[in-house]
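Enquirer: Give me a 3D structure for the following:
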Amino acid sequence: MTRHRAEHVLREESALADATASSVDPIEAAVVLESAGMNDRVARDLFGAHDVLMLAERVMTHEGPDRPVADPVPVRPENAGGAARRTTFWFHLRGVLYAVPALVTLTLLPAVDPVESALVLGGLVLSWAWSYGVAGIAWAHLGNQDPAGARRFLRRALIGGVLLAAVVATAVVYAALIVTSTLQVDLLTVLLLTGQSTYLLAAATLLMTGHELLLLVAVCPAVAALGLGLTGRMPADALRWVGAGVLLAVLFALAATRRAARPRQRLGAAAWATALQQSCYGLLVAVAVLFPAINELVNDNYDALPLSVTLAALPLVVSMGIAEILLTRFRSRMSALLATTSSSAAFARSARRTLLRYEVAFAVPLAATSAALGVVVEGVTGTLDARYGLLAGGYVVLGTAIFTAMLLNLLGRGRRVLATLAATVAALVAFEVHAVSVTATDTEALAWLAIVATVTLVVHLVLVRRYVAVPVSHR
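Expert: Residues are numbered from 1 along each chain as shown. The predicted structure is shown next:
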């Protein structure tokens, strides 16, 4: 055992002893332990218990009624040197930054060559999932109070991910040239695929290290080029503008991961399994969100969605920044309820009221933003396609379902979320299989997305209402 790991174990053992000595029952001890920074992963990795509550029950049962008593242990202060900095004003810009992958997809839809479009869209989905997994491992290092180890992993994941993306992009483009008859994929396609993955990895690194403002600066060239394109004045060297943004993001990410060091302790199998679970979560969310784009490629019905309709994706993707803010506040509110409520019944009532407020706080701005964007589109184009309203409504429901899934993840119910999202994606895939034999219109596809999203939201609401009332396992 290394010195750092030994110190970590001793610190957690001290917190465990203080919690059991100052509590009258296992539930109270579990609350004290979680307020001191212990979570279910630490309970499993260090003590072999399923969760914090089971650990508290085991220790208090072993010590019996004659165990030592002590005053309550104070809450462990936040780590001042964490890889993720204290929340600042710029934290609220995360939602704007999430819009960049959506903008890539919006420009993809009118692409002429379907093979090139499929490669770019597939690369976006896989890069999305990879970034979720990288963030999961970084959070595991932060959970070990090891920000330097997190920065080291983020830097290595960025460099290794870029190299891997370049190799995979070259291979799939070469395969596309051999298997298909297209002549539209070339070195530029390789650069586009690699750059897309590079941006997402650099963005994940900057967000994990609390440098939202630097990422906003990095994406300015690409956003400016896209803005000019929407007004009919696309620069001749637009790809250079995009490449400049990606390069800036990488340079900023490398600067943000300075002062990296070897991890204090090796991550256990549970941490890597959780990261794999997060990757699967990201993959499923990406497929659900990008379903209209996927349908455009799979379902050749000569009824392409115009940009004035697909812009409905922007409010959904931007709202993910709002979701992160609400999750942070929800976590704080639940911690306060754990510390102030006097019984499990009182906690359950307060927790469910809090849940309802936060669900409304997410859904209402998303719906309002979608409606406002529709008014803007109508003002610019002179008309509003009815499919915009259908897609915007479906995305409001889907976004709320995803936000509820994030709450379930926060409550330690990641496996349930994977099961429900897998069912959602399976239903969307079933529609595409059906559309191969029976041509379906885009309106039917968007209506099916709205129906599936509604069912997913109902299931998530039932689950989160049940689990939020349990006064343990809140991460």
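Enquirer: Going by C-alpha atoms from here, please, whenever you check contacts or count neighbours.
Expert: Will do.
Enquirer: what about this structure, any weak spots by pLDDT?
Expert: Where the chain drops to pLDDT under 70, the residues are 1-25, 28, 31-32, 35-37, 61-113, 182, 226-236, 238, 300-308, 471-475.
Enquirer: and the longest helix along it, what does it pack onto?
Expert: Secondary structure assigned by DSSP state H gives helix 344-381 as the longest helix of the chain. In terms of contacts (3 or more CA pairs under 8 Å, 6 or more residues apart in numbering; DSSP states H and E), helix 344-381 is packed against helix 313-340, helix 386-410.
Enquirer: how about 10 Å then?
Expert: Applying 3 or more CA pairs under 10 Å, 6 or more residues apart in numbering; DSSP states H and E, one finds that helix 344-381 contacts helix 307-310, helix 313-340, helix 386-410, helix 442-467.
Enquirer: angle of that helix against helix 442-467?
Expert: 160 degrees (axes from the mean of the first three to the mean of the last three CA atoms, to 10 degrees).
Enquirer: when you compare where helix 344-381 runs with where helix 313-340 runs, what's the angle?
Expert: Using the same axes, to 10 degrees: helix 344-381 against helix 313-340 is 160 degrees.
Enquirer: For the nearest residue in space to Arg349 that is not next to it in sequence, give me its contacts.
Expert: Computed as CA to CA, 6 or more residues apart in numbering, the closest residue to Arg349 that is not its neighbour in sequence is Ala469, at 7.4 Å. Ala469 makes contact with Ser344, Ala345, Ala346, Phe347, Ala348, Arg349, Ser350, Ala351, Arg352, Leu355 under the criterion CA atoms under 10 Å, 6 or more residues apart in numbering.
Enquirer: switch to 8 Å and redo it
Expert: Applying CA atoms under 8 Å, 6 or more residues apart in numbering, we find Ala469 in contact with Ser344, Phe347, Ala348, Arg349, Ala351, Arg352.
Enquirer: Next, give phi and psi for Arg262.
Expert: phi -60, psi 140 (degrees, to the nearest 10).
Enquirer: Just give me the neighbour total for it.
Expert: 13 (other CA atoms under 10 Å).
Enquirer: same thing with Ala269?
Expert: If we define neighbours as other CA under 10 Å, then Ala269 has 10 of them.
Enquirer: Over to the one 5 residues further on?
Expert: Here the count is done by other CA under 10 Å, and Thr274 has 18 residues near it.
Enquirer: How far off centre is stretch 255-273?
Expert: 20 Å (CA atoms, centre = their mean, to the nearest Å).
Enquirer: now do stretch 197-215
Expert: That offset, for stretch 197-215, works out to 13 Å (CA atoms, centre = their mean).
Enquirer: and what of stretch 319-330?
Expert: So, by CA atoms, centre = their mean, the centroid of stretch 319-330 is 11 Å from its chain's centroid.
Enquirer: Buried residues, that stretch. List them.
Expert: Residues of stretch 319-330 classed as buried under the neighbour-count rule (16 or more other CA atoms under 10 Å) are Ser319, Met320, Gly321, Ile322, Ala323, Glu324, Ile325, Leu326, Leu327, Phe330.
Enquirer: pull the CA atoms of it into PDB?
Expert: Extracted in PDB, the C-alpha atoms of stretch 319-330 (Å, rounded to 0.1, in the frame of the first residue of the first chain):
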ATOM      1  CA  SER A 319     -30.600  23.500 -21.800                       C
ATOM      2  CA  MET A 320     -28.000  21.000 -20.700                       C
ATOM      3  CA  GLY A 321     -26.100  23.900 -19.200                       C
ATOM      4  CA  ILE A 322     -29.200  24.800 -17.200                       C
ATOM      5  CA  ALA A 323     -29.500  21.100 -16.200                       C
ATOM      6  CA  GLU A 324     -26.000  21.200 -14.700                       C
ATOM      7  CA  ILE A 325     -26.800  24.300 -12.700                       C
ATOM      8  CA  LEU A 326     -30.000  22.800 -11.400                       C
ATOM      9  CA  LEU A 327     -28.200  19.500 -10.500                       C
ATOM     10  CA  THR A 328     -25.700  21.400  -8.400                       C
ATOM     11  CA  ARG A 329     -28.400  23.300  -6.600                       C
ATOM     12  CA  PHE A 330     -30.500  20.100  -6.200                       C
END
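Enquirer: in terms of contact, does Arg151 touch Arg258 like I think?
Expert: Yes - at 7.2 Å, Arg151 counts as touching Arg258 under the criterion of CA atoms under 8 Å.
Enquirer: Of those two, which one has the most company?
Expert: Taking other CA under 10 Å, Arg151 and Arg258 do not tie; Arg151 has more neighbours (30 against 12).
Enquirer: got the phi/psi numbers for Ala435?
Expert: The phi/psi pair for Ala435 (degrees, to the nearest 10) is phi -70, psi -20.
Enquirer: who are the neighbours in contact with it?
Expert: So Ala435 contacts Asn299 (CA under 8 Å, 6+ apart).
Enquirer: ok, back up a step: so which pair among the contacts of Ala469 is furthest apart in space?
Expert: Ser344 and Arg352 (12.2 Å; CA to CA).
Enquirer: tell me the angle the longest helix of the chain makes with helix 386-410.
Expert: Using the same axes, to 10 degrees: helix 344-381 against helix 386-410 is 150 degrees.
Enquirer: check which helix or strand covers the residue nearest to Arg349.
Expert: Using DSSP states H and E, Ala469 maps to neither a helix nor a strand.
Enquirer: Same check on Leu158?
Expert: helix 147-179.
Enquirer: Counting by contacts, list what that helix packs against.
Expert: Checking 3+ CA pairs under 8 Å, 6+ apart, helix 147-179 ends up next to helix 114-143, helix 187-208, helix 238-256.
Enquirer: what angle separates the longest one from helix 147-179?
Expert: Between the axes of helix 114-143 and helix 147-179, defined by the same axes, to 10 degrees, the angle is 160 degrees.
Enquirer: And for the last one?
Expert: Per the same axes, to 10 degrees, the angle that helix 238-256 makes with helix 147-179 is 150 degrees.
Enquirer: Need the CA coordinates for helix 238-256. CSV is fine.
Expert: The C-alpha coordinates for helix 238-256 follow below in CSV (Å, rounded to 0.1, in the frame of the first residue of the first chain):
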residue,chain,number,x,y,z
ALA,A,238,-14.7,28.4,-43.3
LEU,A,239,-13.0,25.1,-42.4
ARG,A,240,-9.9,27.0,-41.4
TRP,A,241,-12.0,29.1,-38.9
VAL,A,242,-13.3,25.8,-37.5
GLY,A,243,-9.8,24.3,-37.3
ALA,A,244,-8.5,27.4,-35.5
GLY,A,245,-11.2,26.9,-32.9
VAL,A,246,-10.3,23.3,-32.4
LEU,A,247,-6.6,24.2,-32.1
LEU,A,248,-7.3,26.8,-29.5
ALA,A,249,-9.4,24.4,-27.5
VAL,A,250,-6.5,21.9,-27.5
LEU,A,251,-3.9,24.4,-26.5
PHE,A,252,-6.2,25.7,-23.7
ALA,A,253,-6.8,22.2,-22.5
LEU,A,254,-3.1,21.4,-22.3
ALA,A,255,-2.5,24.6,-20.4
ALA,A,256,-5.4,23.7,-18.0
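Enquirer: Just the buried positions in that helix, please.
Expert: Quick answer for helix 238-256 (16+ other CA under 10 Å): 238-239, 241-250, 252-254, 256.
Enquirer: and which of the residues you listed is nearest to Met38?
Expert: Once CA to CA is applied, the member of these that ends up nearest Met38 is Ala256, at 27.3 Å.
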